[in-house]
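1. fold the stuff below for me.
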Amino acid sequence: MSSETRPHAVAPLAYRLAGVAVVSAALVAVGGCRDRRAGCRAGAHPGPCAYTPTPDEPAARPVPLPPDSRRTPDHGTVRVTLRTSQGPIGLTLDREQAPCTVQSFLHLARHRFYDRTPCHRLTAYPTLKVLQCGDPSGTGEGGPGYRYADELPTDLPPAPTDPTGVRRLYARGTLAMANAGPDTNGSQFFLVQSDSALRPNYTVFGTIDEAGLATLDRIAAGGIAATPDDPAPVDGVPALPVEICRATGPLEPHPAGRVAVPPGAVRRPDAGVRIRRPAASGSARLVLDAAAGA
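-> Residues are numbered from 1 along each chain as shown. You can find the predicted model right below:
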């Protein structure tokens, strides 16, 4: 972890893209499934992706573990469209680039995990412009109740804005996973609206189409909602509310049947089940490592 300046914090947006040392005390290392050929913990599916339950961080919306066969599909692409309240965002998922990530994303989409969920965070730093989504709770702390290993990019060019050469270019149109440290991928992801500089610690698993970029441009142009503490934030809730109404594409429907409602949950007619949980205390936080001036 570096000693970089922490980007402007927007409470209650606890989930961030990982990396700032100043908040390292708040980052809870969930550990990692570093050996993808076997499960790292009892309960993990035994395939190469080793999706591992996180009982201390229950799912924001009930969903089973993804299937994890011995041969994870690792060729070809899959088209998915996020139909949002601000317009469509078309995605092309790349199985070869990140097979376990694509498998998990499709699994969550098939189970409607992303339906009726907000994109809770927009950033407008000079070197970081992304929209972050994937948490049904809308708090920035929610996930699917499991984690899995990174599939990090190795071919990203150096970011031209970083004289140290440490950061890489996450180009406009990139689709990548947010995380809380090594091997803590879950459900949250980010969409790159403009070329951004990040350490190559975030799994890239697809691209955004032109219609999707037009939607992102519209959201970015709307700005970030002001708060009592910051009338002109560069990191926070989009001023134009963004909800993923439905994720569609060549998605096989999940098996019929009711999903069990865990203790402490409340069923909502418009958004399935939301977990009631106490305020986070030492929970994993996703933070950005590319603030203004970093």
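2. going forward, measure contacts between C-alpha atoms and count neighbours the same way
-> Will do.
3. for residue 247, give me phi and psi.
-> phi -100, psi 120 (degrees, to the nearest 10).
4. would you quantify the distance from the residue nearest to it when sequence neighbours are not counted to residue 137?
-> Of all residues not flanking residue 247 in the chain, residue 82 sits nearest, at 4.6 Å (CA to CA, 6 or more residues apart in numbering). Going from residue 82 to residue 137 by CA to CA, to the nearest Å gives 18 Å.
5. tell me if I'm right that residue 245 and residue 84 touch.
-> Yes. Look at residue 245 against residue 84 with CA atoms under 8 Å: they come within range, at 5.2 Å.
6. between the two, tell me which one has more neighbours.
-> residue 84 (22 against 19; other CA atoms under 10 Å).
7. state the pLDDT value of the more buried one.
-> We note a pLDDT of 98 for residue 84 in this prediction.
8. next: the one 5 residues further on.
-> Residue 89 is assigned 98 on the pLDDT scale.
9. count of neighbours near it?
-> 22.
10. same check, this time on residue 125
-> 18.
11. distance of it from residue 220?
-> For residue 125, the distance to residue 220 - CA to CA - is 11 Å.
12. quick one, what contacts the closest residue to residue 129 other than its chain neighbours?
-> Counting by CA to CA, 6+ apart, the nearest residue to residue 129 once its immediate chain neighbours are dropped is residue 123, at 5.1 Å. If you count contacts by CA atoms under 8 Å, 6 or more residues apart in numbering, residue 123 has them with 129-131, 224, 234-236.
13. check residue 66 too.
-> Residue 66 touches 51, 103-104, 107-108, counting by CA under 8 Å, 6+ apart.
14. repeat that for residue 200.
-> 152-154, 156, 167-168.
15. now, of those residues, which are buried?
-> Buried members of these, counted by 16 or more other CA atoms under 10 Å: 152, 167-168.
16. output those residues in JSON lines; the columns should cover pLDDT, distance to residue 181 and secondary structure.
-> Compiled in JSON lines, the buried ones among the contacts of residue 200 are given as follows (pLDDT from 0 to 100; distance: CA to CA, whole Å; DSSP: H, G, I helix; E, B strand; the rest coil):
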{"residue": "152", "pLDDT": "98", "distance to residue 181": "12", "secondary structure": "coil"}
{"residue": "167", "pLDDT": "98", "distance to residue 181": "16", "secondary structure": "coil"}
{"residue": "168", "pLDDT": "98", "distance to residue 181": "17", "secondary structure": "strand"}
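17. quick check: residue 126 vs residue 199, distance?
-> The value you get for residue 126 to residue 199, if CA to CA is used, is 16 Å.
18. likewise for residue 249?
-> 31 Å.
19. likewise residue 152?
-> Taking CA to CA, one finds residue 152 at 10 Å from residue 199.
20. ok, residue 122 next?
-> Taking CA to CA, one finds residue 122 at 19 Å from residue 199.
21. higher neighbour count, the two?
-> Neighbour totals were compared for residue 122 and residue 199, and residue 122 leads with 28 against 18 (other CA under 10 Å).
22. in the stretch 1-150 of the chain, which spans are strands?
-> 52-53, 77-84, 87-94, 117-118, 121-123, 129-133, 146-147 (DSSP state E, counting those that start in this stretch).
23. looking at those strands, which is nearest to residue 160?
-> strand 129-133 (15.3 Å; CA to CA).
24. mind listing residues that contact the closest one?
-> Against strand 129-133 from outside (CA under 8 Å, 6+ apart): 117-124, 188-196, 216.
25. what do you get if the cut-off is 6 Å, keeping everything else the same?
-> Strand 129-133 is contacted from outside by 119, 121-123, 188-194, using CA atoms under 6 Å, 6 or more residues apart in numbering.
26. and residue 228, backbone torsions?
-> phi -60, psi -30.
27. give me the helices and strands touching the helix or strand where residue 169 lies, please.
-> Counting by DSSP states H and E, the element that carries residue 169 is strand 168-170. The contact analysis (3 or more CA pairs under 6 Å, 6 or more residues apart in numbering; DSSP states H and E) places strand 168-170 against strand 196-198.
28. packing partners for the strand it packs on?
-> Checking 3+ CA pairs under 6 Å, 6+ apart, strand 196-198 ends up next to strand 168-170.
29. C-terminal to the strand it packs on, what's the next element?
-> As the chain continues past strand 168-170, the following element, by DSSP H and E, is strand 174-177.
30. now residue 112, what are its backbone angles?
-> The phi/psi pair for residue 112 (degrees, to the nearest 10) is phi 60, psi 30.
31. what segments of the stretch 1-150 of the chain are helices?
-> Ranges of helices in the stretch 1-150 of the chain, per DSSP state H, counting those that start in this stretch, are 99-110.
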